[in-house]
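[1] Quick one: sequence and predicted model below, then my questions.
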Amino acid sequence: MIEQQKKRLFSGIQPTGELHIGNYIGALSLWVEQQDQFDSIFCIVDLHAITIPETIVPEYLRKKSREAEAILIASGIDPERSVIFIQSHIPAHTELTWILNSITPIGWLERMTQFKVKSAQLESISTGLFDYPVLQAADVLLYKTNVVPVGEDQRQHIELMDDIAQRFNHLFGEVFILPQPMIRASGARIMGLDDPTAKMSKSLAEKRKGHAIGIVDPPEVIREAVMRAVTDSGKETRFDCASPGVKNLLVIYEVLSGKSREAIEAYFEGKGYGFLKRELADLVIATLEPVRNRYLKLMAEPAYLEELLHRGAERVRPIAESTLKQAKDLVGLG
Ligand code: AQP
């Protein structure tokens, strides 16, 4: 079991599609930056992934979970210092979800923007998709999590889990810690390169070439995606005045370079979008090429990846089971 001296950090990623630079900037790179400040747990949320069953083929899902694990490690998560595990390996997640379902008013879930957006794109909407935020609340609350580093799109779900935790604590007794979101001031919502009005997402990347930059895309694919990104017919490269597509490129440059906005604006002033794109492509490739190389090596070691997942699950299982028992005792189950 993890000895908890530090505050706890928990976050998750769905093993669907190709992980992209939005996931990297909004979530993974933040996890890497924070992993030593906290007792950190990272979860590959395969139970969330199946809420859109049309996208799931069993062998594909298993493979995607291992790919996600390899990308986390290749991006800098140290599996010795932090825990990486697969959600479905710990049954306490689904059991706590059922308990939390029973105290979560339907109206709270109906307000969720992600559900409204995703369900509008589907012919048949699963109960699991509607219930997605409650499973997410169970994930986070099981580990008595203090902070949840996520992209901006997840802010509403973190606020909901805070409401669910408060309601449970009020009705049955204090068991859950109220989690705080940790969201980047800049880079928390990377937009599609082909359409800067839409959040870069795995689901859109599957349908539209040029929408996203994959974390493990080869350099030439990255360069092509950046060079084809939507801009405008002008030359404006100031953050506050740039058009949405150009601003998106500037923000990606800002986060990956670590430079100040003033320095970036001075550097790109009057040089045109071709120059900005070439510089950005070089920077993205320099950032992601080592990640891709480590990823390819890790994917050639499936037994090692499997062993890490097994160890990860064994490290978190006692924490999850202990919190679940506390919740069941308070409710009177068992
Ligand atoms: N564009 C983004 N910019 C910044 N952060 C982002 N995240 C996702 N997209 C961006 C953050 O990445 C973490 C994992 O999220 P996810 O697994 O739900 O990824 P996704 O790309 O949003 O996946 P989907 O399946 O394609 O969902 P839709 O279609 O809804 O976007 C989270 O911390 C998330 O905030």
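    It's in.

[2] Identify the residues contacting the helix or strand hosting S119?
    Using DSSP states H and E, S119 sits in helix 113-120. For helix 113-120, the external contacting residues (CB atoms under 8 Å, 6 or more residues apart in numbering) are I52, L109, I125, L129, F130, Y132, P133, D153, Q156, H157. (C-beta placed from N, C-alpha, C; glycine too.)

[3] May I see the PyMOL selection of the buried members of the residues you listed?
    Applying 16 or more other CB atoms under 10 Å to the contacts of helix 113-120, the buried members can be selected in PyMOL as follows:
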select buried, resi 52+109+129+130+132+133+153+157
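
[4] Among the contacts of helix 113-120, name the least confidently predicted one.
    Minimum pLDDT for the contacts of helix 113-120 is recorded at I52 (87).

[5] tell me, how many neighbours does R278 end up with?
    When neighbours are defined as other CB atoms under 10 Å, R278 has 14 of them.

[6] Let's have the contacts of helix 113-120 in a markdown table, adding secondary structure.
    Listed next are the contacts of helix 113-120 as a markdown table, based on DSSP: H, G, I helix; E, B strand; the rest coil:
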| residue | secondary structure |
| --- | --- |
| I52 | coil |
| L109 | helix |
| I125 | coil |
| L129 | helix |
| F130 | helix |
| Y132 | helix |
| P133 | helix |
| D153 | helix |
| Q156 | helix |
| H157 | helix |
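
[7] Let's have the contacts of helix 113-120 in CSV, adding distance to E206.
    Shown next, in CSV, are these (distance: CB to CB, whole Å):
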residue, distance to E206
I52, 11
L109, 26
I125, 19
L129, 17
F130, 23
Y132, 19
P133, 23
D153, 17
Q156, 24
H157, 22
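
[8] and of the contacts of helix 113-120, the nearest to G272?
    Distances from G272 to the contacts of helix 113-120, taken as CB to CB, are shortest for D153 (31.9 Å).

[9] Tell me who's in contact with the closest one.
    D153 is in contact with Q114, R189, K199, counting by CB under 8 Å, 6+ apart.

[10] No further queries at this time; thank you.
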